[in-house]
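Chemist: When you get a sec, could you give me coordinates for this:
(chains A and B)
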Amino acid sequence: MSILKDLQELVEKNVISEDTAADIHAYYQIENSSKSQRLLTIFSVIGAGLISLGIILLIAHNWDNFSRTVKTIFSISPVIIGQGLCVYSYFRKKSWTEASSLFLGLAIGACITLIAQIYHIPDNENKFFFTWTVLTLPLVLLLRSRIVSLLCLILAGTFSLAPDYNNEGFPIFFYWIFYGSIVWFYLSGVSKDSKSFFNRSFIWVLALAPLVSLNQFTERNTEILFVNYFLVFNLYFILSEHSIVIQKIPNTAALKIIGLIGMNFIFILLSFNRPWEVLQKNDGIFFHQEIFILVILFLSTFIYYYKNENKLHSLSLYNFLKIPFIIFFFSGYFSDMGYFLMNVLTLLVSIYTIQQGLKHESLRITNIGLLTLGALILCRFFDNEYSFVARGIVFIIVGVGFLLTNFFILKKRNSNAA
Amino acid sequence: MQRKTWIIIAIIVGLAQVSIPLYMIWNKEQTIRKGNSFLFEIAPIDPTHPLKGKYIILNYPVLNVISKSEINLNKPVYAILEKKENQEYNIISLSNVAPSRTSDFVKVEVNNWIFERNQEDSLQYNINFPFTEFYMEESKAPKAEEIYRSLNQDTTQTAYAVVSIYKGDAVVTDVVINGKSIVELSK
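Modeler: Below is the predicted model of the structure:
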């Protein structure tokens, strides 16, 4: 490391004392050893993953020469080997934990598939992914394995996408139990090492994962998904502004960005006429799963008022947006006003976002506002038949607007810094 | 977590991880050992599963069953079988309840039903068998399909799935073309 090379020179020229040099040296020694430990874990995880996948492929070859008994022994043995490795790593070699638990997690899946292959059991994704997740999830909690928590999130997500059509499998409601356990695992470990790469980046995965599955939780009124998604994004935004969350989670900016972009994206989708046409054709019968989720999400956004010491912040209007959003959306069932009002709301919100971004000199927020405004204008142009000249001029105006605003903020920031 | 609690939970989890696959194996072995073997006429084609490897799809001819009693499609539906002399089968009836007097019945999927006008008070159900896949060694599956196709041009040739059936469960034990196992034919 270059700083270590320079230490001698710095001491000789009396820039730092010998004691300080020794301290710096000791600091980087610890840093280096923890870095090499991390690298070892990463490579062992990749190794374990590749070996497990290799075993799955070898199994998939389907060795006809072996008897059924030999094949069944083959199918169980990776699980038992994985269990042995996990126990060994827990009691003797902690650095093996991630690799061995990933191996066991994948071995469980391989074992179930091999049995399905030996007995020619046709695919049933619902049961398969449910069993795999249930048997793998305890590894996350017992061994505190981060890589297996990611594996479980993927397995649970896939399970939610394989609904139980014949009412013979497992209801996808279980997804929330799996997801909740992984969130609990994350929160229980995050305070110990809030600066780690895993804890900073896993929040992105945790926030994005339920978005893939949420659309599965509908029975009849799929249009209500617009509101449910909006409320999820609203909840993310509110959590990112909550004092307790800010204290506990290292990277609340992830929640804020996903929340803001998500809400604005829904606004743009609803600025089109098409969803409102579908809405008016709906029978308006509301006592279904999606309404239940809507109510829960709506109520959970009020967490903002619970023990929150962080009342003053930018973009506070976003907290209350859910109220007009829901009113305008449901008015769409009865009249054309919803479509019109939502367009006006989108316009106002985008201007508000730009204004807040400029006020707080935040390029990120300003650009989200600009993108929404730009998208709204451009989308309206595709809705209606304007001439090419008119469209061209609007494209240029929006483009110039982008450049000028970004330039203005950067200039203001530089002058403040100077 | 205390070490003692950890060990107890780990043992439970470990046992579950092993016993669920073992139960699956035991269940299927029961069907093979105790079940009766039936022949089901088929038309195979070969695709690939990312984890389980190569297999042939077993397509069965359209199967309509006339039932006097109405079947609840939201509950499991069982087809009660009767063996013919040549190991083929007849479906005696459909039922929502697993019969206790015989073990020769299998869970089926019902596609749709139509009202049968010719026979008074009876309904015709279109059913599917759930055993539709037969896994083979990587190199053999395409060969097996080729053999089947070449034989298929001659209508006197027949292909059957040999299926063990026991108390609602079914395991395909072999696919037979003109009396010979497809595994042997594709060697």
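Chemist: elements contacting the helix ranked longest in chain B?
Modeler: Identified as the longest helix of chain B according to DSSP state H is helix B:3-34. Judged by 3 or more CB pairs under 8 Å, 6 or more residues apart in numbering or on different chains; DSSP states H and E, helix B:3-34 is in contact with helix A:68-91, helix A:97-118, helix A:125-143, strand B:159-166, strand B:169-177. (Each C-beta comes from the backbone N, C-alpha and C, glycine too.)
Chemist: in chain B, what spans have low per-residue confidence?
Modeler: For chain B, the stretches with pLDDT under 70 are B:43-53, B:113-122, B:148-149, B:151-157.
Chemist: hmm, who's touching stretch A:65-82?
Modeler: The list of residues contacting stretch A:65-82 from outside it, by CB atoms under 8 Å, 6 or more residues apart in numbering or on different chains, reads A:52, A:55, A:59, A:63, A:100, A:103-105, A:107-108, A:110-111, A:114-115, A:118, B:17-18, B:21-22, B:25.
Chemist: Return the alpha-carbon coordinates of that stretch using CSV.
Modeler: The C-alpha trace of stretch A:65-82 is given here as CSV (Å, rounded to 0.1, in the frame of the first residue of the first chain):
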residue,chain,number,x,y,z
ASN,A,65,-26.5,-47.7,-15.6
PHE,A,66,-27.0,-47.1,-11.9
SER,A,67,-29.9,-48.8,-10.0
ARG,A,68,-32.7,-46.9,-8.4
THR,A,69,-31.2,-47.5,-5.0
VAL,A,70,-27.8,-46.1,-6.0
LYS,A,71,-29.5,-43.0,-7.5
THR,A,72,-31.5,-42.3,-4.4
ILE,A,73,-28.3,-42.6,-2.2
PHE,A,74,-26.7,-40.1,-4.7
SER,A,75,-29.6,-37.7,-4.3
ILE,A,76,-29.4,-37.6,-0.5
SER,A,77,-25.7,-37.6,-0.1
PRO,A,78,-25.0,-33.9,-1.1
VAL,A,79,-27.5,-32.8,1.6
ILE,A,80,-25.7,-34.9,4.3
ILE,A,81,-22.3,-33.7,3.1
GLY,A,82,-23.6,-30.1,3.2
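Chemist: what's the angle from the longest helix of chain B to helix A:97-118?
Modeler: With axes from the mean of the first three to the mean of the last three CA atoms, to 10 degrees defining the directions, helix B:3-34 sits at 10 degrees from helix A:97-118.
Chemist: Which strands border the helix or strand following helix B:3-34, and is each parallel or antiparallel?
Modeler: Once helix B:3-34 ends, the next helix or strand along the chain (criterion: DSSP states H and E) is strand B:36-41. Applying DSSP bridges to the sheet, strand B:36-41 is found paired with strand B:159-166 (antiparallel).
Chemist: can I get the CA coordinates of the partner strand in CSV?
Modeler: In CSV, the C-alpha atoms belonging to strand B:159-166 read as follows (Å, rounded to 0.1, in the frame of the first residue of the first chain):
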residue,chain,number,x,y,z
ALA,B,159,-46.1,-47.4,-27.5
TYR,B,160,-47.1,-47.7,-23.9
ALA,B,161,-46.1,-46.1,-20.6
VAL,B,162,-45.9,-48.7,-17.8
VAL,B,163,-47.3,-47.1,-14.8
SER,B,164,-47.5,-48.4,-11.2
ILE,B,165,-50.6,-47.3,-9.5
TYR,B,166,-51.3,-47.4,-5.8
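Chemist: List only those of the contacts of stretch A:65-82 flagged as buried.
Modeler: A:52, A:55, A:59, A:100, A:103-105, A:107-108, A:110-111, A:114-115, A:118, B:17-18, B:21-22, B:25 (16 or more other CB atoms under 10 Å in any protein chain shown).
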